[in-house]
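*Asks:* The sequence isn't on hand, but the structure is:
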């Protein structure tokens, strides 16, 4: 078992434990009932995540549009990552923000869905899964169609590869070293979709806003993404959530009408 697989298993267990603690006092039967009622949507989310992992090894298409996107992303507020690296102390922020970067997706993919299921919020769980699945598919399409270089791997950017060069965190992110998957930020896209999927729930809104803000700072400071990648991820995630919420609303209205006939 490689270090990446071991870390993944630890993150899954830790995320599931966190969800259980957030839902303490709730009966496990509620969890099972919710998972049973929402299983098609959960499967959709799992399948979209599996497709993303499979496509992570695919070679992005080479096109003039990709060259223009790289040119745009690297010229839009290009000094912010290097400025953050200059004013913020690398020790201990590389480790702290690197861990936040790692924990963001398990929080979105495991903690939030299990917490919703444990609380019996099946409609919210269905909507949440659909919004994230749309964000996944959209992000995959953009990454493959429009390859763009990461700032710390962009020639002449002057931005330090703080994440990739870290002796602890670097080996865990070797798959992110490809220069063609910068726009939009994958982490920001998923967190933005999660936030707007649950925007009408106060506690979820506060928690996801905080995680999103920390992750946005992390990807800029660590040299993983340009500011344009972060903004693009925010817009893509919000758009995916808007489509998912509206689609689920119409589906539920159609289901109610069908049952009353």
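*Replies:* Done, it's in. This is a predicted model, so every value here is computed, not measured. Residues are numbered from 1 along each chain as shown.

*Asks:* Once you drop chain neighbours, what's closest to residue 109?
*Replies:* Counting by CB to CB, 6 or more residues apart in numbering, residue 49 is the residue found nearest to residue 109 once chain neighbours are left out, at 6.6 Å. Every C-beta, even on glycine, is put in place using the N, C-alpha and C of the backbone.

*Asks:* I figured that neighbour hits residue 137, correct?
*Replies:* No: using CB atoms under 8 Å as the test, residue 49 is too far from residue 137 to be in contact (10.6 Å).

*Asks:* follow-up on the earlier one: can you check the pLDDT for the residue nearest to residue 109?
*Replies:* Here the pLDDT value assigned to residue 49 is 81.

*Asks:* buried stuff in the helix or strand where it lies?
*Replies:* Assigned by DSSP states H and E, residue 49 falls within helix 39-55. Neighbour counts using 16 or more other CB atoms under 10 Å place 41, 42, 44, 45, 48, 49, 52, 55 of helix 39-55 among the buried residues.

*Asks:* Lowest pLDDT pick from those residues?
*Replies:* Among these, pLDDT bottoms out at residue 55, giving 71.

*Asks:* Quick check: the gap between that residue and residue 232.
*Replies:* With distances taken as CB to CB, to the nearest Å, residue 55 is found 18 Å from residue 232.

*Asks:* before we move on, what about residue 34?
*Replies:* In terms of CB to CB, residue 34 sits 33 Å off from residue 232.

*Asks:* Also residue 47?
*Replies:* Relative to residue 232, and taking CB to CB, residue 47 is found at 24 Å.

*Asks:* Test for you: state the pLDDT assigned to the closest residue to residue 37 other than its chain neighbours.
*Replies:* Distances taken as CB to CB, 6+ apart put residue 122 closest to residue 37, at 4.8 Å, once the chain neighbours are dropped. Note for residue 122: predicted pLDDT of 90.

*Asks:* So residue 122 is in contact with residue 38, correct?
*Replies:* Yes: Residue 122 lies in contact with residue 38 (CB under 8 Å); the separation is 5.4 Å.

*Asks:* Between these two, which has more neighbouring residues?
*Replies:* Applying other CB atoms under 10 Å to residue 122 and residue 38 shows that residue 38 carries more neighbours, namely 24 against 17.

*Asks:* and that one, what is it in contact with?
*Replies:* For residue 38, the contact set (CB atoms under 8 Å, 6 or more residues apart in numbering) comprises 117, 122, 125, 126, 129.

*Asks:* Kindly recompute the last result at 10 Å.
*Replies:* By CB atoms under 10 Å, 6 or more residues apart in numbering, the residues touching residue 38 are 44-45, 113, 116-117, 121-129.

*Asks:* and residue 185, what pLDDT?
*Replies:* 90.

*Asks:* tally of neighbours for it?
*Replies:* 29.

*Asks:* rewinding a little: I figured the residue nearest to residue 37 hits residue 35, correct?
*Replies:* Yes: contact status for residue 122 versus residue 35: in contact at 9.2 Å, counting by CB atoms under 10 Å.

*Asks:* coming back round to it: mind listing residues that contact the helix holding residue 49?
*Replies:* By CB under 10 Å, 6+ apart, helix 39-55 touches 34-36, 38, 105, 108-109, 113, 117, 122, 125-137, 139-141, 143-144, 175, 181, 186, 190, 248.

*Asks:* Regarding this structure, what is its longest helix?
*Replies:* helix 227-259 (DSSP state H).

*Asks:* and that helix with helix 39-55, angle?
*Replies:* Per axes from the mean of the first three to the mean of the last three CA atoms, to 10 degrees, the angle that helix 227-259 makes with helix 39-55 is 150 degrees.

*Asks:* name the helices or strands packed onto helix 227-259?
*Replies:* Here helix 227-259 touches helix 64-75, helix 79-87, helix 122-145, helix 186-197, helix 202-221, going by 3 or more CB pairs under 10 Å, 6 or more residues apart in numbering; DSSP states H and E.
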